[in-house]
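> Sequence plus the predicted model coming up.
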Amino acid sequence: MFNNQFNHQNYDEIHTFKMKNKKTSVLAIVFFFIGVTRGTAQQKKLSAFLTTTPTEALYEFMASEIDTLVINKLSKPWVFQEMTFKNVKNKVLMFEYGVVIQAKKDAFPKKNDSFFKFIDCENISIIGNHSIIRMNKEKYVDGEWRHVIRLRGCKNFDISDLTLRDSGGDGIAIGRSKKVWFSKNIRLDNLQCINNKRQGISITSAEDVWVSNSCFADTIGTAPGAGVDIEPNVPEERIVNVNFNNCIFKNNYNVGINIGLPKLLSSSKKVSIRFENCTLENNFSEENTKIPSEIRIQSHKTDPVKGTVVFKGCTIKNSKWRMLYARKNAEGFKVSFEDFRAEAVCSSPYSGAVIYLEVPHYSKDSNLGGYHFSNVTIDYTADKPIFMVRGSKRNPLNRLENLSGEIVVTNPNLTVKPEIQYIGYMPLMDENISLKIKKKN
C-alpha cells in the first residue's frame, strides 16, 4: 500500500536543507529592519487589524499604506477563508515563528477556490519563519484547483520557510493571468509542499523562477499527482529559466518530476529548465495505472518546442521503477543528464527498462531522440534492460537520432547486453548515435 503520510525522516532531510541556505529569509528580514531604522518601513501585527475576522483584517492590510504585516503566533491556529488579491504591490507578510494558518472548513465551495490567490501582484515577500498553512483536503472531494497558494501573472514574488499542505489542488501553482501571459521573477526557498491532492507544485507559464531547498512529497488524490508538474496549457505560454536547486521529490503518487510540454510548439518561446542537486525517491504508487517512472518528459508529437532541459548533479534512489520515461520528438528541446546517479532503481518485477523512450506519435511519422548523458552512473540489481526504445508495427518512427555521452552501469545480475534494446523498430536508420553504455564489473 502506498504511504501518503509525511514522516519524520522527510522533516530531518528538510531541516538539513534549512541549515545550508537561509539567504532569502535573512536578506528579507535584514532589508526590512534597515527600512525600519531609516523610517521608510511601516509594520503592524495582524491582531491590531482585527475589527471583525482574520480574513477581513488581511484584506484591510492589503488595501492600506502599511507595507509589512506581522502575523503573530496564537495559542491556536489562525482561521481564514478563501482570499483573492489583485494588483497588490510592495507588501511583506512576515510570520512569527511557528504560526499555523488553517483553512476554514466548508469555506471553499467552488472547485477553483484557492486559499491565497494573487493576481497581477508585484513586489511581494512572504517570510514564513517555519510556519504552516494548511487546508482540509478530505473535504475537497471534487475538483483539482483548490491550491494553497496560486500566483497568476505575478512579478517579483518571494516565498520562504513555509509548509503548504493538505490542499484540494497544489501546494503552489504558478501561471498566467488574463492580463499577463506569465509570472516573472519568482523565488521560492525552504518550502515543504506535503500531502496535496494534485501536485506539490505546478508551473504552467513563468519566466525566471528559482526554487531551492524545498521538498515536494506525498502528493495523492487526483491526476497527475506529481511532485512537480511543468505543463503549459497553450502555445502562447512559456517556461523560461525555471530552476530547481537542492530539492527533494519523494513519495508522490505519480512521478517525482513531470515535464509535460505537448502544448508548446516550435513557434513558442524556447524552454529552459534546470534541476541541480535534486533528489528523487520512491515516487509512483503501485496503484497508479500509468507508465511508472521517476521522471517523465513529453513534447508535442510532431511540432515540438525548442530549448533545453538539464539535470545536473541529481540522484534517484530507492525506487521500484525506472529512471526515465519519455515521448519526445528529436526535433525539439534537448535533454541532458550530467553528473547524474540512479541507485537501487527498478526493484519492482514490473519496472521495465531503466531508461524507456517511446515513439512520439503512433500514426504520423516522427523522430525520437535528442539526449546527452555525461558522467551518468546507474547502480541496480534487477535483470532489466538499461535502455529501451519502443517504436510501433505501424512504422511511424522514422529514426532514433542524437544520442550521445556515456552511461556506466553496475549490476551483478544483468544478463541482457549493456546496449540499446529495440521494440517495434529496426535501428537501420539511426543517425548520430554515439552513446556508450558500459558495464562495470
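Nice, I can see it.
> rest of the way, CA atoms for contacts and neighbours
Noted.
> avg pLDDT for the helix or strand containing G370?
In this assignment (DSSP states H and E), G370 forms part of strand 366-379. Average pLDDT, strand 366-379: 97.
> try stretch 210-230
Averaging pLDDT residue by residue across stretch 210-230 gives 97.
> on that earlier part again, what separates the strand holding G370 from the chain centre, distance-wise?
21 Å (C-alpha atoms, centre = their mean, to the nearest Å).
> Begin at 9 from now on, thanks
Got it, first residue is 9 now, which makes that one strand 374-387.
> Tell me the buried residues in that strand?
Applying a neighbour-count criterion of 16 or more other C-alpha atoms under 10 Å, one finds 374-382, 384-387 buried in strand 374-387.
> My guess is I180 contacts I209. True?
Yes: contact criterion C-alpha atoms under 8 Å: I180 and I209 qualify, at 5.0 Å.
> From N383, how far off is E351?
14 Å (C-alpha to C-alpha, to the nearest Å).
> err, P393, not the other one
19 Å.
> re earlier: between I180 and I209, point out the one with more neighbours.
I180 (27 against 24; other C-alpha atoms under 10 Å).
> what bridges to the more buried one?
On the basis of DSSP bridges, I180 takes part in beta bridges with I157, I209.
> so what's T423 closest to, chain neighbours aside?
In this structure, T423 finds its nearest non-sequential neighbour in D391, 6.4 Å apart by C-alpha to C-alpha, 6 or more residues apart in numbering.
> I misspoke; the intended subject was E152.
Among residues not flanking E152 along the chain, G177 sits closest, at 4.6 Å (C-alpha to C-alpha, 6+ apart).
> And for I299?
Nearest one to I299, counting by C-alpha to C-alpha, 6+ apart, is Y333 at 7.8 Å.
> count of residues packed around that neighbour?
The burial count for Y333: 24, using other C-alpha under 10 Å.
> confidence score at it?
Model confidence at Y333 (pLDDT) stands at 98.
> Equivalent analysis for K186, please.
97.
> is it true that it lies in a helix?
No: applying DSSP: H, G, I helix; E, B strand; the rest coil, one finds K186 to be coil, outside a helix.
> quick one, what contacts the closest residue to it other than its chain neighbours?
Leaving aside its sequence neighbours, K186 sits nearest to G161 (C-alpha to C-alpha, 6+ apart; 7.9 Å). Going by C-alpha atoms under 8 Å, 6 or more residues apart in numbering, G161 touches 127-129, 183-192.
> Just list whatever residues bridge to E351.
For E351, the beta-bridge partners are K325, D387 (DSSP bridges).
> Which other helices and strands does the strand or helix carrying Y333 contact?
Taking DSSP H and E as the definition, Y333 sits inside strand 332-335. Packed against strand 332-335 by the contact rule (3 or more C-alpha pairs under 8 Å, 6 or more residues apart in numbering; DSSP states H and E) you find strand 303-307, strand 363-366.
> strands paired with whichever helix or strand comes after the first one, and their directions?
Same thing as strand 303-307. Using DSSP H and E, the next helix or strand after strand 303-307 towards the C-terminus is strand 315-320. Using DSSP bridges, the strands paired with strand 315-320 are strand 279-284 (parallel), strand 342-351 (parallel).
> Serialize these to TSV and add fields for mean neighbour count, distance to T171 and mean pLDDT.
Converted to TSV, the strands paired with strand 315-320 look like this (neighbours: other C-alpha atoms under 10 Å; distance: least, C-alpha to C-alpha, whole Å; pLDDT from 0 to 100):
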stretch	mean neighbour count	distance to T171	mean pLDDT
strand 279-284	20	21	98
strand 342-351	20	28	98
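> Of all these, which one is nearest M91?
Proximity to M91 (C-alpha to C-alpha) singles out strand 279-284 among these, at 30.9 Å.
> could you dump that closest one to CSV, C-alpha only?
Extracted in CSV, the C-alpha atoms of strand 279-284 (Å, rounded to 0.1, in the frame of the first residue of the first chain):
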residue,chain,number,x,y,z
VAL,A,279,12.1,26.5,-22.9
SER,A,280,14.9,26.4,-20.4
ILE,A,281,14.6,24.2,-17.4
ARG,A,282,17.3,23.1,-14.9
PHE,A,283,17.3,20.7,-12.0
GLU,A,284,20.5,20.8,-10.0
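> So which of the helices and strands packed on strand 332-335 is nearest N203?
When those are compared by C-alpha to C-alpha, strand 303-307 sits nearest N203, at 19.4 Å.
> Outside of that closest one itself, list whatever touches it.
Residues outside strand 303-307 that contact it (C-alpha under 8 Å, 6+ apart) are 263-272, 313, 331-337, 340, 368.
> strands paired with it, and their directions?
So strand 303-307, judged by DSSP bridges, has these partners: strand 265-269 (parallel), strand 332-335 (parallel).
> Give the buried residues for that strand.
Neighbour-count burial for strand 303-307 flags 303-307 (criterion: 16+ other C-alpha under 10 Å).
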